[in-house]
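> Just to be clear, the model below is a prediction. Sequence and coordinates:
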Amino acid sequence: MAAVGCEENCIITGFIETPFSRLPFQEKLEIVQRGRPTPGLPGLVQASKRYQRHFQASSYDLYPWLTGSLRTNKLYCWDCLLFNPDKGPWCSTGFNNLSCLTKAAQKHQSTPGHLRATVSLKTFGDTRIDLQLSEQQRRETIEHNEKVRHNREILKRLIHTVVFLGKQELSFRGHDESRESANKGNYLELLDYLAEYDSELRCHLATSKVFTGTSSKIQNDLISATADVLRDAMKEEVRNTPFVAAMVDETTDVSNTAQMSLVLPYVTDSGVKERFFRFEDVTLDKRVEAVAARILAFFNEVGCTSKVVAQCYDGAAVMASGLHGVQARVKEAIPQALFVHCFAHRLNLVMSQGAAKIRECKNFFTHLSGLAAFFSRSPKRAKLLDDICQRRLPRVAPTRWAYSSRLVNTVYERREELQEVFAHIVDHHEEFDADSVCCADGYVNLMSSFEFRFLLATFNSIFAHSDVLFDILQTKELDMQFCLKMISDFSDTIQREKLSFPAIYEETVGENGEPGRRQARAQVDVRTRYQKLHRGIIDNLHTQVRDRFKDHERLMFLALLDPQHFAAYRQSFPTAALSSLEESYGCHFDTSSLKTELGVMYAMSDFEGRSPSDVLHFLQQKGLTKSMPQLHLLTCLVLTIPVSTASVERTFSALKRIKTYTRNSTGQARLSALALISIEKQLLIGLKTQDKLYDPAIAHFI
C-alpha cells in the first residue's frame with residue numbers, strides 16, 4: 001500500500017513496505033491522532049493547450065478525507081489509505097487529474113469502501129480490536145480470576161493453620177488420617193474445625209478433587225514457604241545493619257542427631273535482635289574444618305561475611321581452641337571476627353573448677369548430687385518428700401552450675417524437713433527396701449555433720465551472688481560493657497565474702513555445737529581449720545574469675561561508651577581505648593570523625609549516664625543517626641558483640657519440644673522450618689500484622 005506523508009508534519013513520507021494494518025497499535029494510534037497531511041502541492045499542475053490548472057489547497061476544506069503527498073505530487077483518500085485494502089487511485093496509485101477532481105471526489109466519497117473506511121477511522125481507538133476478547137473468552141477470564149482469588153483465599157487459610165500449629169509447637173500429622181478416623185491429626189482436625197464456620201473452606205474441602213491442600217507434601221511446602229518469608233525478612237534486616245555476630249552451639253536431639261544451631265545477633269531500628277536461622281545436622285562430620293566450612297557457607301548465604309565482627313561459642317575445645325579450633329579457622333577467613341567465650345559458660349567453669357580444686361568441696365557436691373538422685377529414682381521416696389518437705393529437689397546437670405546452686409539453696413532452706421524424711425525412712429524401715437534404708441541412714445549422719453552444714457551455709461551465701469550474675473549473663477538485652485562491669489563487681493563481692501566467715505561459723509556452731517574430737521584429731525584448732533577452708537574457697541573462686549576473664553583487654557574500646565567515665569573523659573580523652581578500636585575494627589570507622597562525635601557526647605548532659613543501648617535509643621529517637629553516624633556505628637558494634645550463647649540454648653529448648661519421642665522422624669528441613677516459626681514467633685506476628693505474610697508465603701509456595 002502506498003502511504004502518503006508530508007515532511008513538514010513528519011507523518012509518513014513516500015512508500016513504506018509495511019501496510020498500516022500490520023503496524024503496532026501504538027504507531028497506528030499516533031498516525032490517526034496526528035491526522036491527515038494537507039500539503040500545498042505546488043508541483044501538482046495540469047497543463048492544457050490554452051492554460052494550466054494548479055491544485056488549490058481550499059479543496060482540503062471541501063473534502064475532509066482528502067490528503068496529498070509532496071513526494072508523488074498526487075492526491076489520496078486518507079480514510080481509504082489507512083483502512084480500505086481495495087486497490088484504486090484514491091488509496092493506491094494516487095489521483096492527479098485536476099480537470100475532473102470535483103466529479104471524481106464526489107463519486108469516491110459515496111462508494112461503500114470509502115464509507116466503511118470512514119467509520120473505521122472515526123471509531124479507531126475506542127476499542128482495541130487486536131486485543132478485544134470474545135464474550136466467551138471474557139467469561140472465561142472472569143471465571144479464571146475468580147478461581148485464582150478463591151484459591152488464594154484457601155491458601156491463606158492453610159497458611160494460617162500452619163502458622164498456628166508451628167507457633168504453638170504442635171504436631172501436624174496423625175497416625176490415621178483417613179476420613180473415618182476419630183483423630184486425623186492437628187492439621188486436618190483444625191481445618192475441619194475452621195470449615196465449620198467458613199463456608200468457602202468447607203466447600204473447598206468437600207468438592208476439590210485436584211488440590212485440597214491436606215497432603216503431607218503440601219504441608220511441608222506450606223511450612224517451608226512460611227519459614228522462607230521469615231528468612232527473607234531477617235536477611236533484609238541483615239542487609240540494613242552495619243554489624244553482625246555469630247552465636248553457634250551444638251546439642252543432640254531425641255533421635256541422637258547432632259544439631260548445630262545458628263543464631264545471628266545484630267542491631268535494628270527497634271533494638272538488638274538475636275535471630276535464629278536454622279539447625280544443621282553435623283552428625284557425620286564434627287571436625288573443625290567441616291564445622292568452620294558450614295559456618296562460613298552460612299555467612300555467604302545470608303550475605304553478611306563482610307559484617308561479621310564477633311563469634312561466640314560455648315567453649316568446647318573443637319570450637320574455642322586458639323590454635324586449631326573453629327574460631328581460629330573462621331578468623332582466618334574473617335580477621336575482624338573477634339572470638340568471645342560465652343560468659344555464662346565461663347562463670348559455670350569458674351564455679352565448677354573452684355569447687356573441684358578443693359577435696360572437701362568436691363565431696364560435698366558429690367554427696368549433694370546423690371541426695372537429689374536418691375529421690376528422683378523412686379516414686380515412693382518422691383511422694384514422701386512431697387508430703388513432708390512439700391518441695392522437690394532440683395536435678396543436677398553437669399554442664400549447668402546454676403542447677404547446683406538451686407539444689408544448695410533448697411537443701412539449705414529445707415534441711416530440717418529433709419532430716420525428718422530420712423529419719424522417717426529409717427524408723428519405718430519395714431516399708432522401704434534395704435538400699436533406701438541404708439542410704440537414708442547415711443544421709444541422716446551426713447546432714448548432721450558440721451562440715452556439711454558449714455559448706456552448705458558457705459555456698460548458699462556465695463550462690464546468692466552468682467545466681468544474680470548468671471541471670472544477667474543470660475539476658476538478651478544487656479551489652480558487653482555492662483556485663484564486664486558486673487563480673488568485676490562479682491569478683492569484688494566474692495572477696496568481701498571472707499568477712500562473712502564469723503557469721504557462717506557461729507550459725508553452724510549454734511545448731512549442734514563444734515565438731516567432735518575425731519574430726520579435729522589433727523590437733524588443729526577447729527575454727528582456724530574452717531576459716532582456712534572458707535578462705536581457700538573464696539580465693540580459688542576469685543582466682544578463677546580473674547583468670548577466666550582476663551583476656552578481655554582486647555575489648556578495651558568498650559570503655560568509650562562507659563557512662564561512668566564520661567566526666568573523666570571530658571578532661572582526658574580515652575586515646576588508648578580509641579586505638580584499641582582502630583586496631584580491631586579500624587576499617588569500619590572514620591577515627592577522626594568518631595573522636596569528634598565522642599567529644600561532643602562526653603560534653604553534653606543529654607548523654608550523661610546513658611548506657612550504649614540508651615545512647616542508641618536516644619540517637620534513633622531524636623533522628624541523630626545521620627548527624628552522628630560514627631557514634632551510631634560504635635553503639636551498634638558494642639551492642640552486637642554477644643555476651644553469651646544463652647539465646648542459642650533457648651533454641652535447644654524449642655528443639656526438644658518440637659522433635660519429641662513420638663515425632664523423631666521429622667526431616668531436617670521441616671525441623672528447621674518449624675523451629676524458625678516457633679522461635680521467631682514475634683517476627684511472624686509482626687509480619688502478619690503488617691500484612692506481609694500471606695502474599696509472600698503464597699509466592700514462595702507457588
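Thanks, I have the structure now.

> Can you tell me the element Ile223 falls in?
Secondary-structure element containing Ile223, defined by DSSP states H and E: helix 216-239.

> tell me which residues of that helix are tucked away?
Within helix 216-239, the residues that qualify as buried by neighbour count (16 or more other C-beta atoms under 10 Å) are 218-231, 233-235, 237-238. The way it works is simple: take the backbone N, C-alpha and C, and place the C-beta from them, glycine included.

> Which strands and helices lie in contact with it?
Counting contacts by 3 or more C-beta pairs under 8 Å, 6 or more residues apart in numbering; DSSP states H and E, the secondary-structure elements packed against helix 216-239 are helix 135-167, strand 258-268, strand 271-281, helix 668-679, helix 681-689, helix 694-701.

> quick one: buried residues of the fourth one?
Neighbour counts using 16+ other C-beta under 10 Å place 670-679 of helix 668-679 among the buried residues.

> What are the phi and psi values at Met247?
As for Met247, its main-chain torsions (degrees, to the nearest 10) stand at phi -120, psi 120.

> I'd like to know how many residues surround it.
For Met247, the neighbour count with other C-beta atoms under 10 Å is 27.

> cool, Lys28 as well?
Applying the criterion other C-beta under 10 Å, we find 17 residues in the vicinity of Lys28.

> the strands in the chain, which residues?
Counting by DSSP state E, residue ranges of the strands within the chain are 45-47, 52-54, 66-69, 74-77, 244-252, 258-268, 271-281, 308-313, 338-341.

> can you tell which of these is closest to Gly586?
When the strands of the chain are compared for distance to Gly586 using C-beta to C-beta, the nearest one is strand 308-313, at 12.2 Å.

> angle of the closest one against strand 244-252?
Here the directions of strand 308-313 and strand 244-252 differ by 20 degrees (axes from the mean of the first three to the mean of the last three C-alpha atoms, to 10 degrees).

> For strand 308-313, name the packing helices and strands.
Strand 308-313 makes packing contacts with strand 244-252, helix 326-333, strand 338-341, helix 629-640 when contacts are defined by 3+ C-beta pairs under 8 Å, 6+ apart.

> outside of that strand, which residues touch it?
Residues from elsewhere that reach strand 308-313, judged by C-beta atoms under 8 Å, 6 or more residues apart in numbering: 243-249, 295, 299, 319-320, 326-327, 330-331, 334, 336-342, 585, 588, 637, 640-645.

> Out of those residues, which end up buried?
With neighbours counted by 16+ other C-beta under 10 Å, the contacts of strand 308-313 contain buried members at 243-249, 295, 299, 319-320, 326-327, 330-331, 334, 336-342, 585, 588, 637, 640-645.

> in this protein, which helix or strand is least confident?
Of the helices and strands making up the chain, the lowest-confidence element is helix 317-320, at a mean of 57, by mean pLDDT, DSSP states H and E.

> how about low-confidence regions in the stretch 451-600 of the chain?
Counting by pLDDT under 70, the stretch 451-600 of the chain shows low-confidence ranges at 472-481, 511-524, 547-553.

> I meant to write the stretch 301-450 of the chain there.
Along the stretch 301-450 of the chain, the model assigns pLDDT under 70 to residues 315-324, 343-350, 352-354, 395-403.

> let's go with 50 and repeat that
By pLDDT under 50, the weakly predicted segments of the stretch 301-450 of the chain are 399.

> Which residue ranges of the stretch 1-150 of the chain form helices?
Defined through DSSP state H, counting those that start in this stretch, the helices belonging to the stretch 1-150 of the chain, from first to last, are 25-34, 59-62, 78-83, 101-108, 112-123, 135-167.
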